[in-house]
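In: Okay, sequence plus prediction incoming.
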Amino acid sequence: MLRGRFITIEGGEGAGKSTNADFVVEFLKGRGLDAVATREPGGTPLAEEVRSILLARRDETVDPLTETLLIFAARAQHLAMVIEPSLHAGRWVVCERFTDSTFAYQAGGRGVDRALVEQLAELVHGDRWPDLTLYLDVPTAVASPRLAGRGLDRFEREDRAFFERVRAVYRERADAYDRIISIDASRELARVRQDIHAAVSRFMESS
Ligand code: TMP
C-alpha cells in the first residue's frame, strides 16, 4: 500500500530550517518521490492567519496558555487540510516545525506545563508523530548574528535565556527519541547538508 512519510525540520531561530527543508524536498523529488513542503505555524490559509497573530508584536501580553492553544488550533487545521490527506495519498510531507517546537518554546521557553502540552498533542494528533525529525542544533551565540538585519517578530525578540531553555528542551528530546537526529548546524552549509543527506538516505533505506 502507498504510504507517505512525515519528516520535520526543527531548530531555534536562524538555524537554517527553510533552506535545509528545501534541500530535503529536492533530494526526495530527485529520488522520484512525491514530496510536499510545508511549515508550522501555518501551512493553510487559516493557519497562516493564526501564524500572523502569533508572530505580531503587540502591546498586550500574550498569555502562554493562549499562545499554546493558538498553536495547536493552527496545527489541527494543518493536519486536517494538508498533513493527513498528503500522507494518505502516499506523499512525503516535509514540515518546518511541529509539536517538538511546542515542547521547546512553550514548555521550555515559556514555562507551560509539559503535561499540558502532552495532553494537547494527544488530543490534536494522537500518535501522529514525525517518522523522522532533523534537529538543526546551533548555539544561541551563533544563531543571534544570523538574525541580524531581519525585522524581529514576537519570538525573535526574546532574550538569550529564553533561547537557552528552548535549546535545552530540544537537546533533551533529541537524546530521548530515536526519530530525532541532531545535526550540528553551526558548521558550513555543505557539511550540514552532507549530514542531512546521510540521515535521510539511512531513513529511506530503513523504511
Ligand atoms: P519560524 O519563524 O521558525 O517559522 O517559526 C515561527 C515562530 O513560531 C518561531 O519563533 C517559533 C514559534 N513556534 C512556537 O513557539 N511553537 C510552535 O509549536 C511552533 C510550531 C512555532
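Out: In hand now; what should we look at?

In: Looks like F103 contacts A168 (just checking).
Out: No - contact status for F103 versus A168: not in contact, 10.9 Å apart, counting by C-beta atoms under 8 Å. Where C-beta positions appear, they are placed from N, C-alpha and C, glycine not excepted.

In: What's the first helix or strand after the worst-scoring helix or strand of the chain on mean pLDDT?
Out: Across the helices and strands of the chain, mean pLDDT, DSSP states H and E gives its lowest value to helix 140-147, namely a mean of 71. Using DSSP states H and E, the helix or strand that follows helix 140-147 in sequence is helix 160-176.

In: Quick one: mean pLDDT over the next helix-or-strand element following that following helix.
Out: Of the helices and strands lying after helix 160-176 in sequence (DSSP H and E), the nearest is strand 180-184. Strand 180-184 shows a mean pLDDT of 98.

In: again with stretch 33-47
Out: Stretch 33-47 comes out with an average pLDDT of 97.

In: And for stretch 187-206?
Out: When pLDDT is averaged over stretch 187-206, the result is 96.

In: do the same with stretch 109-125
Out: Stretch 109-125 comes out at a mean pLDDT of 98.

In: Check what contacts it and list those residues.
Out: The contact list for stretch 109-125, computed with C-beta atoms under 8 Å, 6 or more residues apart in numbering, reads 64-65, 67-69, 72, 75-76, 79, 99, 102-103, 106-107, 158, 162-163, 165-166.

In: Just the C-alphas of stretch 73-88, formatted as CSV.
Out: Provided in CSV are the C-alpha atoms of stretch 73-88 (Å, rounded to 0.1, in the frame of the first residue of the first chain):
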residue,chain,number,x,y,z
ALA,A,73,-5.5,25.3,16.7
ALA,A,74,-3.3,26.1,13.7
ARG,A,75,-1.9,22.6,13.9
ALA,A,76,-5.3,20.9,13.9
GLN,A,77,-6.2,22.8,10.8
HIS,A,78,-2.9,22.0,9.1
LEU,A,79,-3.2,18.3,10.0
ALA,A,80,-6.8,18.1,8.7
MET,A,81,-6.2,20.0,5.4
VAL,A,82,-2.6,19.2,4.5
ILE,A,83,-0.6,16.7,6.5
GLU,A,84,-3.1,13.8,6.8
PRO,A,85,-4.5,14.0,3.3
SER,A,86,-1.0,14.1,1.8
LEU,A,87,0.3,11.2,3.9
HIS,A,88,-2.8,9.2,2.9
